[in-house]
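1. fold the following for me, if possible:
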Amino acid sequence: MQPSANPKEWDTWQQEDWLNGCWLATREPNGLNWFVNPMMVGLLKDITFEGQSSIGVNASVGSGTPMNYMDLEPIERFLAIAVEIF
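-> The predicted model follows:
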């Protein structure tokens with residue numbers, strides 16, 4: 001589980017960079033079997049947080065569904081991903 005808060009615009013660069021966290025760890029031979037990345041979104045005082053929560057699986061556990069963050073091409077091993085962002 002990787003609780004996250006992204007205080008920047010949820011642009012293509014941020015989305016690609018987020019794949020370097022839990023999702024990438026499920027690609028390692030002895031890596032994670034599952035990942036849950038809840039993203040805090042909304043306003044906290046004068047800071048805006050943007051992002052998409054996701055849940056995924058290692059290839060040895062299952063294939064997941066081809067999907068990805070909003071601006072990226074679908075890739076496998078996501079089980080669920082938030083459709084809307086703040």
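
2. other residues contacting the helix ranked longest in the chain?
-> Of all the segments of type helix in the chain, defined by DSSP state H, the longest one is helix 12-18. Defining contact as Cβ atoms under 8 Å, 6 or more residues apart in numbering, one finds that helix 12-18 is touched by 4, 6, 8, 37, 50-52, 68-72. C-beta: built from backbone N, CA, C; applies to glycine.

3. the helix or strand harbouring Ala80: which residues count as buried?
-> Taking DSSP states H and E as the definition, Ala80 sits inside strand 75-81. Across strand 75-81, burial judged by 16 or more other Cβ atoms under 10 Å covers 77-79, 81.

4. who's in contact with the spatially most central residue of the chain?
-> By Cα atoms, centre = their mean, the chain has its centre lying nearest to Ser54, at 4.5 Å. By Cβ under 8 Å, 6+ apart, the contact set of Ser54 is 23, 35-37, 39, 69, 78, 80-82.

5. what does Ser60 give?
-> Residues in contact with Ser60, defined by Cβ under 8 Å, 6+ apart, are Asn33.

6. which element is it on?
-> Using DSSP H and E, no helix or strand contains Ser60.

7. circling back to that earlier point, pull out the buried residues from the longest helix of the chain.
-> By 16+ other Cβ under 10 Å, the buried positions in helix 12-18 come out as 14-15, 18.

8. stretch 61-70 now?
-> 64, 67-69.

9. CA atoms of it as CSV?
-> Extracted in CSV, the C-alpha atoms of stretch 61-70 (Å, rounded to 0.1, in the frame of the first residue of the first chain):
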residue,chain,number,x,y,z
VAL,A,61,-1.2,-13.6,-9.7
GLY,A,62,-3.3,-12.5,-12.6
SER,A,63,-3.3,-10.3,-15.7
GLY,A,64,-5.5,-7.5,-14.5
THR,A,65,-7.2,-5.2,-17.0
PRO,A,66,-5.6,-3.1,-19.7
MET,A,67,-6.1,0.4,-18.4
ASN,A,68,-3.9,3.3,-17.2
TYR,A,69,-3.9,6.8,-15.9
MET,A,70,-6.1,9.2,-17.8
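
10. nice, that's everything, thank you.
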